[in-house]
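> got a predicted structure here, sequence first:
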Amino acid sequence: MADQSFELDVFRDLLEEAQLVGQLGKTQKTFISAYEAFRVGDRKGFQAVLKRLGLLTRCHLVCEWIRIKECVFVCLQLCGPPKPVTRAPDPRLLAEAIVRITSNEKALRQLVQAIEKPDKAAYQRLVKQYKLEPICHFFCHWVCYVRYQLMCRWVCDPVIVERPDLAAELQAAGNAMRAMLERKQVFDALASASLDGDAAKLGSIVQDAELAIFCRWICSFWCSWRCVLVCLTICREFPLPAIENPLTEAYAFAVEVGKLAGEPAQLEALSAAVGAGDAKAFAAQIDQLKLQRYCVQLCHWLCFVRCRRFCFLWCPPIYNHPWFTHVGDFNIDTDIDPGTGLTNKAVIGHGGTAHGGPGYGFFGNLVLRGFCPKTHPTTGEPMAYRFRYDQGGGPKPMTGVGVVSDVRVGYRYILWMGFLRKQDLWVSANPPPPPPPGPFPPPHYLVPDPQGWVYVDPDAQDDGFDGDLMGFRSDVVFPGGDATPAGLTAGSAVSAGQRKNGIDTAIHFQATRVGTIGAVNGGASPDFHNDLSKIHIDNWNEVSLLELQEFINPGATPCTPLTNDLHVLYTTDHELMADWFIDMVTSATVVPAPTFPSGAGPRGGAGSDFHDISTWPNCSYLIRLHTRRSLTDGLDDDTDKWIFRTFCVGRRNGR
C-alpha cells in the first residue's frame, strides 16, 4: 500500500476519526453511554448521544471506531490472549471453516448465539468441533467484522427499518468464500496480492474470475485476515495486559486516540508502519507515544481503517454492475423455474394486479430488462452490451430486423434549434426515416451491430441504461402459428404425434468495455455476464375446433333449424392450456339451464356433448368454445379467445 494518494486518503480518514473519538471521549459518562448503546444495538440511545455532541452526521465513523475496539474485547473473551505468530497459518483453512459452518444451519445458529452473547463455552465447542484452534482469533475477528458492519448500519442508517439478520449475512459471506475456494488458482493469487496490498491487482483478479458480485465479502475476508496477522506479528513484543473493566479501558484508549489528532506526523507514521507490516518502526512510534499497552487495539484500528479505503479501491460500487434482471415483470433469478423455464409464481405487473403464473411459458415480443452503465465501474471506459439466445446449437446474437423489436432505453438532452431539448433513446433494428424538421427532436435510435452489441450512449441521463434493454421477437425466432393438424375435425382428439410443443432456450447477457468487443467476439470473456439458463417459449396457437353434428349430417346446412337433438363437437389442445370451456348465449330462458364441458391445464379436451333440446323455446342460440393459454410476454398474459356456432330451434312460419 505504498501509493501516495492512497496513503494521503487513509491519513485523512484516521485524522478525522481521531478528532471525532476525541470529542466523544471528552467526558467518561458520555463515552460510556454511547458505547453501551452500541453494544446492545440501541439505535435511539446511540444517536441521541451523538446528536447532543453534534456528531450525528458522522455516525458511521464513530461507530466504526467502537466496533473495531469492541472486536478486540470480544475475541479476547472468546479465544483468550493471542499467541505471537511465528508462522502464518494457511488462509485457506479459514475460508474452508467459514464455508463448513455457514452451510450448516445448526452450527451457524450456534455461532451467532455465541458471538452475540458472547458465550465463550459455546464458541469453544465450535472451535474444537471444527478444529479452529490455530486460527481462533482469525475466525473470531472475521465473524466480528461481519457482525459489527451490520450493527453500524443498524444504529446509523435511518432508512433501515428492520434489524439486520447476522445469520443471513454470514451465509451470504460463506457463499462468497465457496465461490472463491472453487477457483484454487484465483484463491492463491488473491492471497499473494492481499499480502502485497495491491488493490489494482486484486480488483483485476476478482473481475477476471467473475467474482465481482462477491467483492465486498472477499475483500472483508482478506482485510480481516491481513489485519489479524499483521497485528499479532508487530505487537508480539507488547503482550496485551489483562483488562479488568472493558468500558473503562475503552474510554482510556479513546482519550489517547483523541490526542493523536494533535500529533498528525506520528499518526501518519503509525499508519505507514502498519501498512508495511514494519514491527520495528511501529514499536519505535508507540514507545515514543507511550502507547505500549494499547498496541493490539491501536494496530487494529489503523489496519481496519486502511481496509475501508482499500476495499473502496478494490471493489467498484455494486450499483454500477451490469445485469440482465427481468423478462418483462419476471425476475430471471426468482420468478422463472430453472428446471422447466416456466414461471414459478404470479407477479405484480404494470397494471397493479398479479399475472403470469405459476406454470406460465412465454410468447410473443419479450422485453429484456436490466442495467448497463455508461462507463466501466473501475476503469471508466465506455461500455456496450448484447443479448444472445441459445437453443442448444450455440449462442446467436439478437440483432437485425425480425429479431430485435423497438424498446425505449432512456433519454438525453441535446441542443435543438437553439434550445435544450429532451430526446428519447431507442434500441431498434429498423429505425424509421427521419421526420420533417420540427420544434422537438425526433427519437435517437441505437442499432445493434451485427454481433448484437448496443453501445451505451455517453450522453444518456443517469449512470446508464436502467430498465428495458432489448426487445426480442420470440415469435419470429421461434415461430408457431396454427397448430391444427391437417384434416382434423371437431370432436376428434389431437394424437400425441400431432401435438405441437414450445422450445427451451437460454438467454445470455454480456457487457464489456467497447475496446474489448473485438476480443469478446473472438471468444474472450466479457467483463460482465449473467444468464437465464432456461426459458420456455411457445408461440403455437391452441387447437380450437367447434361444430354441431346436426349441421354436418347428410343434407343438413348451418341454416337448418333444430328440433330435438344437439350434439356439440369440440376439440381443444395446447401444451400450456390454462383453461377452456363451452357456454351458450341466447335470449331464451332454458329450464333447466344446460351445462357444457370445461377443463383446465394441458392439453385440453375433445368429444361430443349431447343435449335434448325438444323443450327449448323457439329462439336463436350461440354456442361458444373459449380457450386461454398459460402464456405471457412478461407484461401481458394471453387472453380468452372464442369461436362460435349459431343455430335456431323451431320452424319458419308456414313450414
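Received it, and whenever you're ready, just let me know what you need. Numbering: from 1, shown residues only.

> what does the helix-or-strand element of the chain with minimal mean pLDDT contact?
Lowest mean confidence among the helices and strands of the chain (mean pLDDT, DSSP states H and E): helix 199-208, at a mean of 78. Outside helix 199-208, the residues within contact range by CB atoms under 8 Å, 6 or more residues apart in numbering are 1, 6, 186, 189-190, 193-194, 212, 214-215, 218-219, 222, 310, 313-316, 378, 525, 527. Just so you know, the C-beta spots here come from the backbone N, C-alpha and C atoms, and that holds for glycine as well.

> what's the distance between stretch 368-387 and the middle of its chain?
Offset of stretch 368-387 from its chain centre (CA atoms, centre = their mean, to the nearest Å): 16 Å.

> mind listing what residue 462 touches?
residue 410 are the contacts of residue 462 under CB under 8 Å, 6+ apart.

> which of the three states applies to it?
Classification of residue 462 using DSSP: H, G, I helix; E, B strand; the rest coil returns coil.

> per-residue pLDDT of it, please?
Reading off the confidence values, residue 462 has pLDDT 88.

> how close does it sit to residue 200?
27 Å (CB to CB, to the nearest Å).

> check residue 525 too.
19 Å.

> any quick PyMOL command for the buried ones out of the contacts of helix 199-208?
Listed next is the PyMOL selection for buried residues among the contacts of helix 199-208, using 16 or more other CB atoms under 10 Å:
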select buried, resi 1+6+186+189+190+193+194+212+214+215+218+219+222+310+313+314+315+316+378+527
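
> just the ones of the contacts of helix 199-208 in helices?
Among those, the members found in helices (DSSP state H) are 6, 186, 189-190, 193-194, 215, 218-219, 222, 310, 313-314.

> find the pair from those with maximum spatial separation.
Spatial extent of the ones in helices among the contacts of helix 199-208 (CB to CB) is set by the pair 6 and 186 at 23.7 Å.

> picking up where we left off before, quick one: which of the ones in helices among the contacts of helix 199-208 is nearest to residue 609?
residue 215 (63.7 Å).

> so what's the closest one closest to, chain neighbours aside?
residue 315 (3.7 Å; CB to CB, 6 or more residues apart in numbering).

> and the chain, what are its domains?
4-314, 319-537, 543-649 (automatic domain parsing).

> between the two ends of the second one, how far is it?
Using CA to CA, to the nearest Å, the end-to-end distance of domain 319-537 comes out at 31 Å.

> and what of the first one?
For domain 4-314, the separation between the terminal residues is 16 Å (CA to CA).

> how far away from the center of its chain is it?
On CA atoms, centre = their mean, the centre of domain 4-314 falls 27 Å from that of its chain.

> what of the last one?
Taking CA atoms, centre = their mean, the mean C-alpha location of domain 543-649 is offset from the chain mean by 47 Å.

> start to end distance for it?
Start-to-end, domain 543-649 (CA to CA) is 29 Å.

> what mean pLDDT does it get?
On average, domain 543-649 scores 95.

> so the residue nearest to residue 215 sits right up against residue 219, yeah?
Yes: using CB atoms under 8 Å, residue 315 is in contact with residue 219, at 5.5 Å.

> where's the residue lying closest to residue 231 once chain neighbours are set aside, which helix or strand?
Among residues not flanking residue 231 along the chain, residue 299 sits closest, at 3.8 Å (CB to CB, 6+ apart). Using DSSP states H and E, residue 299 sits in helix 295-314.

> for residue 96, same thing?
helix 91-102.

> quick one: buried residues of that helix?
Buried residues in helix 91-102 (16+ other CB under 10 Å): 91, 94-95, 97-99, 101-102.

> for residue 245, phi and psi?
phi -130, psi 100 (degrees, to the nearest 10).

> roughly how far apart are it and residue 620?
97 Å.

> ok, residue 146 next?
75 Å.

> so which of these two has more stuff around it?
residue 146 (21 against 14; other CB atoms under 10 Å).

> what secondary structure does residue 569 sit in?
Following three-state DSSP, residue 569 is assigned to strand.

> do the same with residue 494
Per three-state DSSP, residue 494 ends up coil.

> wait, it sits on residue 542?
No: Residue 494 is beyond contact range of residue 542, at 10.3 Å (criterion: CB under 8 Å).

> list residues touching both of those two?
What both residue 494 and residue 542 touch, as defined by CB under 8 Å, 6+ apart, is the set 573, 604.

> the two: which has the busier surroundings?
Between residue 494 and residue 542, counting by other CB under 10 Å, residue 542 is the more crowded of the two (24 against 21).

> give the contact list for the more buried one.
Counting by CB under 8 Å, 6+ apart, residue 542 has contacts 483, 572-574, 577, 604, 627, 629, 641.

> at 10 Å instead, please
482-484, 500, 572-578, 580, 603-604, 627-629, 631, 638, 641 (CB atoms under 10 Å, 6 or more residues apart in numbering).

> from residue 136, how far off is it?
65 Å.

> now swap in residue 180 and tell me
22 Å.

> between those two, who's got more neighbours?
residue 180 (23 against 19).

> next, the angle from the helix or strand hosting that one to helix 199-208.
Residue 180 is located in helix 166-181, with elements delineated by DSSP H and E. In terms of direction (axes from the mean of the first three to the mean of the last three CA atoms, to 10 degrees), helix 166-181 departs from helix 199-208 by 90 degrees.

> using CSV, write out every CA atom in helix 166-181.
C-alpha atoms of helix 166-181 as CSV (Å, rounded to 0.1, in the frame of the first residue of the first chain):
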residue,chain,number,x,y,z
LEU,A,166,-26.5,-11.8,11.1
ALA,A,167,-27.1,-15.4,10.1
ALA,A,168,-28.2,-14.4,6.6
GLU,A,169,-25.2,-12.1,6.2
LEU,A,170,-22.8,-14.9,7.3
GLN,A,171,-24.5,-17.3,4.8
ALA,A,172,-24.0,-14.8,2.0
ALA,A,173,-20.4,-14.3,3.0
GLY,A,174,-20.0,-18.1,3.1
ASN,A,175,-21.3,-18.4,-0.4
ALA,A,176,-18.6,-15.9,-1.5
MET,A,177,-16.0,-18.0,0.2
ARG,A,178,-17.2,-21.1,-1.5
ALA,A,179,-17.0,-19.4,-4.9
MET,A,180,-13.5,-18.2,-4.2
LEU,A,181,-12.3,-21.6,-3.0
